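1. After the sequence you'll find the predicted model.
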Amino acid sequence: MHDDRSIPSRQDRPLGKRLPSRRMLASLAAVGASIAVVASTSAFGGVHLSGVGAQPKAPGMTAPNELSPQLDEEIVAQGAWRLENPSADGVIAYYGYLADGNPMLPTNLAAPAEAQKTEPDKNTYLVLPGQHGADAAYRYGSHFLYQGHETGPRGYITRINLDANAAHKVTLLASTQVATANLPAGNLPVYDGSAWNPFTRTLLFSSEGNGTSTGGIWEATQDYPSTVVDRLGLFGRGGYEGVQEDNDGNIWLVEDLGGKTGTAGAGLATNNAKQPNSFIFRLVPYDRRDLGKGGKLQVLQADGKDGNPVTFTGGAAPTQSQIDADITSSFMRDLHTYGTSFATRWVTVHDTAVDGTATFNANSLAKAKGGTPFKRPENGQFRPASGFTDFYFTETGDTNATSGANGPSGASYGGWGGLLRLSQVDPSADTGRLSALYLGDVDHSGFDNLTFLDRGRLIAVEDAGDTLHTQRGTLDSAFVFQLGTPGTGPEPLRIIAEGRDASATLDAGNAGFGKNEGDNEITGIHLSDGDSSAAGLIGTANPTFLDPSDHNSSRWRLFWTQQHGDNITYEVKVADH
């Protein structure tokens with residue numbers, strides 16, 4: 001029997017939305033033919049947001065971004081902008097491209113060549129007076145946006161100087177790490193997630209790798225030039241993407257490591273479905289002010305309805321039948337059913353005091369120690385003003401409308417993904433409860449980054465991918481979800497209907513010229529007031545971005561990055577019309 005005393009007893013338990021009837025796969029081809037504008041509005045105080053319709057995808061056609069009429073966006077950095085301080089070898093010279101000997105865009109489609117796009121990813125906004133840059137005589141201001149870059153043979157960290165002029169707008173903070181016991185000095189890996197740690201006064205960057213030879217967490221100092229060290233002996237190798245700290249100094253990690261594909265066959269739930277293969281981790285440091293002192297890495301374990309822990313089947317080399325069994329497990333079905341919840345606990349997989357500080361495979365240890373796998377979770381964040389007791393994370397799913405795990409006519413096994421909630425009495429508690437907030441469908445799927453608009457609403461963005469874009473006929477979107485009783489309430493409100501720029505359209509039609517992605521993707525949705533103190537930790541204060549008295553002073557600022565294509569980062573503002 002497990003202790004369930006960690007269940008909060010709130011009147012306002014967050015969650016959810018509604019679940020429309022599933023669309024039959026045969027109707028998918030017609031989805032893009034007519035996209036109606038959503039007329040609903042957000043019903044909270046302050047500025048009310050109106051919804052917009054999704055942008056259709058058509059071969060060879062570009063489309064603009066469309067935002068709620070109450071919002072505007074402006075470019076703060078763009079892929080082809082030159083860095084103020086390119087790397088010594090000249091290869092890292094632009095915000096979103098490598099200078100690898102090819103033109104930014106192909107000039108000869110008969111023998112195409114295109115520069116490698118680096119895909120700036122998750123945003124971290126900070127207000128930090130007294131920072132420096134490559135120009136010792138220049139005053140860089142105090143408002144900055146930090147990013148790691150996700151693709152290419154060379155990883156790097158940039159800082160967008162929001163107060164600076166064009167010549168000093170983007171600084172290359174680091175492209176190499178210092179030597180550690182686990183890695184020699186050398187080039188940085190590519191990065192996905194980022195977060196500010198107010199206790200160490202450093203930035204954490206996550207690398208989404210395979211768990212064996214790539215992936216992990218790196219720690220970087222805030223100022224120029226940044227000193228970067230790997231923390232592979234503490235966090236291990238893994239498919240890490242989401243990073244979030246709580247007020248006890250614990251570091252929560254959301255892993256996205258794709259699983260093996262189930263058995264193909266018409267009518268089978270495993271057809272084109274992926275085995276749950278990713279985990280939720282928590283690092284409990286010995287000293288929250290110094291990660292170099294070690295700590296315990298834990299994995300989340302959940303019980304099924306039968307009270308037994310749900311674990312990965314088959315170890316490192318599962319058989320096809322074991323893969324299929326995980327895809328269609330009763331837990332996957334029950335987790336993706338409204339009104340269900342599950343007891344959870346944290347299980348230690350690595351302790352530096354016992355296991356040392358050599359590099360290890362965190363994903364493999366999570367399987368060996370009985371962690372519960374999920375359908376590609378990607379990012380997570382604590383609900384504001386909840387005392388860090390409510391942790392929400394996205395689940396991407398299979399991003400394929402032909403996945404049998406979508407359950408178009410029967411039980412769903414998470415193929416569409418969704419939004420999940422873990423509740424505990426405090427962030428360091430050993431036990432909690434897991435439940436579904438929102439269950440995805442063809443029009444709301446591939447959830448990636450998320451941020452809280454305020455205590456009662458969160459924004460989640462799609463990374464549905466070219467395959468699902470084509471199947472449903474629409475591109476990615478950002479949605480506002482109101483928190484309430486799961487399975488009830490208003491439709492998610494589309495506040496950003498992402499388009500497709502000319503560069504991404506070329507890539508989509510030419511397989512990325514062998515090195516790049518296709519359709520644009522929404523990533524890095526990030527709302528913050530930039531407070532770098534422990535009191536400013538994301539999840540502490542209730543954001544007031546839509547409060548008219550706040551947006552006049554721009555204390556809370558909202559950013560997102562349009563990956564692929566031109567690689568543009570935007571700031572979203574409340575419209576003044």
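-> Happy to help now that I have it. Because the structure is a prediction, the values reported are computed rather than measured.

2. From here on, just use CA atoms for contacts and neighbour counts.
-> Noted.

3. So, low pLDDT: which residues of the stretch 201-350 of the chain?
-> Along the stretch 201-350 of the chain, the parts satisfying pLDDT under 70 run over 266.

4. neighbours around Tyr286, how many?
-> Other residues near Tyr286 come to 17 when the count uses other Cα atoms under 10 Å.

5. do the same with Asp531
-> For Asp531, the neighbour count with other Cα under 10 Å is 17.

6. can you check Pro129 too?
-> In terms of burial, Pro129 registers 12 neighbours under the definition other Cα under 10 Å.

7. what's the distance between the spatially closest residue to Leu291 that is not a sequence neighbour and Val254?
-> In this structure, Leu291 finds its nearest non-sequential neighbour in Pro285, 6.4 Å apart by Cα to Cα, 6 or more residues apart in numbering. In this view, Pro285 and Val254 are 17 Å apart by Cα to Cα, to the nearest Å.

8. Kindly report the same for Gly518.
-> On the measure of Cα to Cα, Gly518 and Val254 end up 25 Å apart.

9. higher neighbour count, these two?
-> When Gly518 is set against Val254 and neighbours are counted by other Cα under 10 Å, the residue ahead is Val254, at 28 against 22.

10. re earlier: can you tell me how far the residue nearest to Leu291 is from Gly356?
-> 14 Å.

11. got any ranges where the protein has weak pLDDT?
-> Within the chain, the stretches with pLDDT under 70 are 1-45, 266, 408-411, 551-554, 577.

12. what do you get if the cut-off is 50, keeping everything else the same?
-> Counting by pLDDT under 50, the ranges of the chain that qualify are 1-39, 409.

13. those helices in it, which residues are they?
-> 232-235, 320-327, 330-335, 352-355, 362-368, 465-472, 502-509, 548-551 (DSSP state H).

14. Most tightly packed of those helices?
-> The highest average neighbour count among these, using mean count of other Cα atoms under 10 Å, belongs to helix 232-235 at a mean of 27.

15. so how far is that helix from its chain's centroid?
-> Averaged C-alpha coordinates place helix 232-235 at 21 Å from its chain's average position (Cα atoms, centre = their mean, to the nearest Å).

16. who's in contact with it?
-> Where contact means Cα atoms under 8 Å, 6 or more residues apart in numbering, the residues beyond helix 232-235 that reach it are 182, 216-218, 283, 294-297, 352, 356-360, 362.

17. sorry, back to before: out of Pro285 and Gly356, which sits in the more crowded spot?
-> In this comparison of Pro285 against Gly356, neighbours counted by other Cα under 10 Å, the higher total goes to Pro285 at 22 against 13.

18. Touching, the more buried one and Asp246? I think so.
-> No - the pair formed by Pro285 and Asp246 falls short of the contact definition of Cα atoms under 8 Å, at 11.8 Å.

19. May I have stretch 471-479 exported as CSV, CA atoms only?
-> C-alpha atoms of stretch 471-479 as CSV (Å, rounded to 0.1, in the frame of the first residue of the first chain):
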residue,chain,number,x,y,z
GLN,A,471,-2.6,14.7,-43.3
ARG,A,472,-4.8,17.3,-41.6
GLY,A,473,-4.0,20.2,-44.1
THR,A,474,-3.0,22.7,-41.4
LEU,A,475,0.2,24.1,-39.9
ASP,A,476,1.1,24.4,-36.2
SER,A,477,-0.7,26.5,-33.6
ALA,A,478,-0.4,27.9,-30.1
PHE,A,479,-3.4,27.3,-27.9
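
20. got the phi/psi numbers for Met104?
-> Geometry field for Met104 lists phi and psi as phi -60, psi -40, criterion degrees, to the nearest 10.

21. wait, what's in contact with it?
-> Taking Cα under 8 Å, 6+ apart as the definition of contact, the neighbours of Met104 are Ala80, Tyr97, Glu114, Ala115.

22. And the second one, how close does it get to Gly512?
-> Think Tyr97. 14 Å.

23. Over to the third one?
-> Noted for Glu114: a distance of 9 Å to Gly512, by Cα to Cα.

24. Residues contacting stretch 400-417, please?
-> Residues outside stretch 400-417 that contact it (Cα under 8 Å, 6+ apart) are 22-25, 267-273, 327-329, 332-333, 336-337, 375, 394-399, 439-442, 444-447, 467-468, 471-472.

25. What are the contacting residues of stretch 89-100?
-> Residues from elsewhere that reach stretch 89-100, judged by Cα under 8 Å, 6+ apart: 77-83, 85-87, 104, 115-120, 149, 154, 158, 170, 566-567.

26. Pull out the buried residues from that stretch.
-> Under the neighbour-count criterion of 16 or more other Cα atoms under 10 Å, stretch 89-100 has Ile92, Ala93, Tyr94, Tyr95, Gly96, Tyr97, Leu98, Ala99 buried.
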